[in-house]
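Peer 1: sharing a sequence plus its predicted fold:
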Amino acid sequence: MDVWGPYRVANVTGARLFLTIVDDFTRSTWTQLLHNKTQVAPAVEHFFAMIETQFQAKITLVRSDNGTEFLNSICHDFFLTKGIVHQTSIVKTPQ
């Protein structure tokens with residue numbers, strides 16, 4: 001998972017940030033348009049619910065950068081209650 005932006009040009013709804021989620025196994029990629037970083041936690045929760053209901057799959061591990069949008073009490077509590085391991089990447093190692 002990663003959030004990037006703000007992009008210099010907003011889309012028609014005013015969103016300038018992008019939450020990108022990539023499945024390491026299938027390389028399937030989902031993108032959510034966001035107006036601000038406070039929308040990351042609800043977007044992640046809705047994404048997990050969609051995966052569980054539409055694909056009958058359980059997400060067990062999430063890997064993200066060290067961004068504050070993922071390293072906060074809301075995301076931490078959500079991952080903890082769902083039994084999800086949250087890994088963060090090492091700084092300045094994009095690979």
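Peer 2: That came through, no problem. Numbers count the residues shown, from 1 in each chain.
Peer 1: and the strands in the protein?
Peer 2: Under the criterion DSSP state E, the chain carries strands at the ranges 2-4, 17-22, 29-34, 61-64, 85-88.
Peer 1: could those strands go into CSV alongside mean neighbour count?
Peer 2: The C-beta positions use only the backbone N, C-alpha and C, and glycine is treated the same way. Formatted as CSV, the strands of the chain follow (neighbours: other C-beta atoms under 10 Å):
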stretch, mean neighbour count
strand 2-4, 15
strand 17-22, 17
strand 29-34, 15
strand 61-64, 16
strand 85-88, 12
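Peer 1: in JSON lines, list those along with mean pLDDT and distance to residue 42.
Peer 2: JSON lines is the format used below for those (pLDDT from 0 to 100; distance: least, C-beta to C-beta, whole Å):
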{"stretch": "strand 2-4", "mean pLDDT": "93", "distance to residue 42": "13"}
{"stretch": "strand 17-22", "mean pLDDT": "96", "distance to residue 42": "10"}
{"stretch": "strand 29-34", "mean pLDDT": "96", "distance to residue 42": "10"}
{"stretch": "strand 61-64", "mean pLDDT": "95", "distance to residue 42": "15"}
{"stretch": "strand 85-88", "mean pLDDT": "95", "distance to residue 42": "17"}
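Peer 1: and residue 11, how far from residue 17?
Peer 2: Separation of residue 11 from residue 17 (C-beta to C-beta, to the nearest Å): 10 Å.
Peer 1: quick check: neighbours shared by these two?
Peer 2: residue 33 (C-beta atoms under 8 Å, 6 or more residues apart in numbering).
Peer 1: what about the longest helix belonging to the chain, average pLDDT?
Peer 2: Counting by DSSP state H, the longest helix found in the chain is helix 40-55. The pLDDT scores in helix 40-55 average 96.
Peer 1: tell me which residues in that helix are buried?
Peer 2: 40, 41, 43, 44, 47, 48, 51 (16 or more other C-beta atoms under 10 Å).
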